[in-house]
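Peer 1: Just a sequence and a predicted model for now, questions to come.
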Amino acid sequence: MAGGEDALSAGGNSLDDLMPSEDDLLYEEELLRNPYSLKMWWRYIQARADASERRRHLLFERALRALPGSYKLWAAYLSGRRLVVRGISPRHPALSALAHTYERALVTMHKMPRIWLDYLQLLMDMKLITQTRRTFDRALAALPITQHDRVWVLYLRFLSQFGIPVETAVRVYRRYLQLEPTHAEEFIAYLKSKERWGEAARRLAGVLNDDTFRSIEGKSKHQLWLELCELITKHPAEVTAESIDVDSILRGGIRKYRDEVGRLWTALADFHIRRGAFEVARDVYEEGLCAVSTVRDFGLIFDALSHFEESLLAAKLAAAAGGEDGADGMETDEDDGTDFLLKDSGDDTDLRLARLEALASRRPALLSAVMLRQNPHNVAEWHKRVKLFTGDPTKQILTYTEAVKTVDHDKAVGKPNTLWIAFAKFYEKHGDIANARIIFNKAVQVPFKYVDDLATVWCEWAEMELRHSNFKSALDLMRRATSVPQRPRKLSQQEERQLPVQERLYRSSKLWAFYADLEESLGTLQTACGVYDTMLDLRVATPQIILNYALMLQEAKHWEAAFQVYERGTALFKYPHVADIWAAYLKSFVAR
């Protein structure tokens, strides 16, 4: 039996070499008495370490016939056999004989992973693909699950060898992922190397949808998303064949990864471009321009869309130039327009050129929209946006309307009352005073954050009436604005601060000063004095108002009343604010 398997070492050895010598008689007699003694067989084999390979193999065969379940004997025997055949051709008969020996060993050693691994390595060296694959499957079936990781390391190395069918490797990898799902990246890398783009994209999408997945290569979910985007956009046909919902995948990434929104939008558009769906790609670009909130992402999408439109236009012009040569020699009949559908050449060059020009002209407005998406409560950006539509009153009105509806007065950057004032002045500039009054009337009902903002709106409304010589209306507005609300009891300062600005407007020094100026210019001395006295009673007067009141009375020759105003002023204020009042009081008193 050993002779057929030891063909490699047979050489010129004679049969006499296989017969026991006088030195072997001691071991042979002992083995006759106890043929199942592993210790004796092992001492016998060790004592004949310098014997020929053929004789040593015969000893191993005899020992294993008596002790077929000895791992020690099998391991030593197979190790020696491997050393003999090392470096020979994979097609040599000695390798096949060694493979048969391994099969015999596995009858009893099928639970020993080392025997399996050595056998599998031998089959890999012999390039027997089908037999190797089946032996791997047998090893996985025979060994406990705790030993499978040792087999899979060699199995995966076998799959990476040249000449392994891709379908075989893919099926084996799928089985491996059932044991080690965290090694999905290895499978994805293999699929990419074999240009199986569709399944690679599907596996990568599955990894991203698994919240428990952790990359063994240290990649973040963000990096995996970018890999998926690149894979999808460069190989749309293969990805579509796998029934992967590319649109949903990329839009999910857009919602999740806000710092790469521009790149993901361009990737989605590029996917449709490679599929030939140009109109869909254009819609994606437009949607992206209206969705991004950073200038960097906007610039990325806008440049991509511009390049896309320019490419389409260049291709159309090239096609038109090629078609002109064939059309020059053809006679054309007079066209009365009745056969448009039959005679239309489909030349849409002018339309594409107009699209490109419109895109360039829309850039400032689109960029303004991006800035407002960053902070919709930025008052200055709303004013800039209105200026962009100069010459288009309809868009300006719509912009003002959106601005006053969007800006939150508690979050506003800037003064939100300027939007209302500019809106009203826009109507005034176009001669529509009625709508300007409507805007002002709505503005004074807005719950501004500060009283001064509301007072400014009232003053601007009155100034508009003055510009159009509506003096009585201006005075009525000031009386309405400064009217003191009726309350059942006097509130503390802390309670009054909690009230809306409309309830606190009557204490605005700016509003009262403007009202006093109007009464001095348009009213009588008595009405003007009434306004000043009310200011003093409400304690909203400033030192300058005291001086103005006294000066008005002095000009009207009411000296005693002027001195009384000075006295009230000195009682209201303390040093250093009262210094100017005392100086004017003493000067007037001495002059009088």
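Peer 2: It's in.

Peer 1: Kindly provide the distance from residue 455 to residue 151.
Peer 2: 85 Å (CB to CB, to the nearest Å). Any C-beta I mention is one placed from the backbone N, CA and C, and that applies to glycine too.

Peer 1: again with residue 121
Peer 2: When residue 121 is compared with residue 151 (using CB to CB), they lie 11 Å apart.

Peer 1: Who has more neighbours out of the two?
Peer 2: residue 151 (19 against 15; other CB atoms under 10 Å).

Peer 1: List the contacts of the more buried one.
Peer 2: 113, 116-117, 120, 136, 139-140, 143 (CB atoms under 8 Å, 6 or more residues apart in numbering).

Peer 1: mind listing which of these are in helices?
Peer 2: 113, 116-117, 120, 136, 139-140 (DSSP state H).

Peer 1: most neighbours, which of the residues you listed?
Peer 2: Result: residue 116 is most packed of the ones in helices among the contacts of residue 151 (other CB under 10 Å), 26 neighbours.

Peer 1: which ones are touching the residue lying closest to that one once chain neighbours are set aside?
Peer 2: Nearest non-adjacent residue to residue 116, counting by CB to CB, 6 or more residues apart in numbering: residue 139, 4.2 Å away. Shown here is residue 139, whose contacts under the criterion CB under 8 Å, 6+ apart are 113, 116, 120, 151.

Peer 1: now with 7 Å?
Peer 2: Shown in contact with residue 139 (CB atoms under 7 Å, 6 or more residues apart in numbering): 116, 120, 151.

Peer 1: cool, residue 165 as well?
Peer 2: Residue 165 touches nothing, counting by CB under 7 Å, 6+ apart.

Peer 1: how near is it to residue 133?
Peer 2: With CB to CB as the criterion, residue 165 and residue 133 are 10 Å apart.

Peer 1: for residue 174, same thing?
Peer 2: Counting by CB to CB - residue 174 and residue 133 are separated by 14 Å.

Peer 1: And these two? Which one has more around it.
Peer 2: When residue 174 and residue 133 are compared for neighbours, residue 133 comes out ahead with 20 against 12, by other CB under 10 Å.

Peer 1: Please identify the helix or strand for the more buried one.
Peer 2: helix 129-142 (DSSP states H and E).

Peer 1: quick check: mean pLDDT across that helix?
Peer 2: Mean pLDDT, computed over helix 129-142, is 92.

Peer 1: The following helix or strand past it: how far from the chain's middle?
Peer 2: Scanning forward in sequence from helix 129-142 by DSSP H and E, the next helix or strand is helix 148-159. Helix 148-159 sits 37 Å away from the centroid of its parent chain (CA atoms, centre = their mean, to the nearest Å).

Peer 1: Now do the residue lying closest to residue 270 once chain neighbours are set aside, the pLDDT please.
Peer 2: In space, and not counting its chain neighbours, residue 270 is closest to residue 233: 4.3 Å by CB to CB, 6+ apart. Residue 233 carries a pLDDT value of 80.

Peer 1: mind saving the C-alpha coords of the helix or strand residue 233 falls within as PDB?
Peer 2: Following DSSP H and E, one finds residue 233 within helix 221-234. Taking C-alpha atoms only, helix 221-234 is exported to PDB below (Å, rounded to 0.1, in the frame of the first residue of the first chain):
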ATOM      1  CA  LYS A 221     -20.400  56.500   7.800                       C
ATOM      2  CA  HIS A 222     -19.700  59.700   6.000                       C
ATOM      3  CA  GLN A 223     -16.800  58.200   4.100                       C
ATOM      4  CA  LEU A 224     -18.900  55.200   3.200                       C
ATOM      5  CA  TRP A 225     -21.600  57.400   1.900                       C
ATOM      6  CA  LEU A 226     -19.200  59.200  -0.400                       C
ATOM      7  CA  GLU A 227     -17.900  55.800  -1.700                       C
ATOM      8  CA  LEU A 228     -21.500  54.800  -2.400                       C
ATOM      9  CA  CYS A 229     -22.200  58.100  -4.200                       C
ATOM     10  CA  GLU A 230     -19.100  57.600  -6.400                       C
ATOM     11  CA  LEU A 231     -20.000  54.000  -7.100                       C
ATOM     12  CA  ILE A 232     -23.600  54.900  -8.100                       C
ATOM     13  CA  THR A 233     -22.800  57.900 -10.300                       C
ATOM     14  CA  LYS A 234     -20.000  56.200 -12.200                       C
END
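
Peer 1: elements contacting that helix?
Peer 2: helix 197-209, helix 246-256, helix 261-275 (3 or more CB pairs under 7 Å, 6 or more residues apart in numbering; DSSP states H and E).

Peer 1: what's the most buried one of these?
Peer 2: Mean neighbour count (mean count of other CB atoms under 10 Å) peaks for helix 261-275 among the helices and strands packed on helix 221-234, with a mean of 22.

Peer 1: Would you confirm that residue 217 contacts residue 185?
Peer 2: Yes. Under the criterion of CB atoms under 7 Å, residue 217 makes contact with residue 185 at 5.6 Å.

Peer 1: So the two - more neighbours on which side?
Peer 2: Each of residue 217 and residue 185 has its neighbours counted (other CB under 10 Å); residue 185 has more, 18 against 9.

Peer 1: How far does the helix holding residue 133 sit from its chain's centre?
Peer 2: 45 Å.

Peer 1: same check, this time on stretch 226-234
Peer 2: 14 Å.

Peer 1: Out of the helices and strands packed on helix 221-234, the one nearest residue 508 is which?
Peer 2: With CB to CB, the closest approach to residue 508 among the helices and strands packed on helix 221-234 belongs to helix 261-275: 45.6 Å.

Peer 1: Report the buried residues of whichever helix or strand comes after that closest one.
Peer 2: Counting by DSSP H and E, the next helix or strand C-terminal to helix 261-275 is helix 278-289. For helix 278-289, the buried set under the neighbour-count rule, 16 or more other CB atoms under 10 Å, comprises 280-282, 284-289.

Peer 1: Which neighbouring elements make contact with helix 278-289?
Peer 2: So helix 278-289, by 3+ CB pairs under 7 Å, 6+ apart, packs with helix 261-275, helix 295-327.

Peer 1: Give the buried residues for the last one.
Peer 2: If I follow you right, that is helix 295-327. In helix 295-327, counting by 16+ other CB under 10 Å, buried: 297-298, 300-302, 304-305, 308-309, 312-313, 316.
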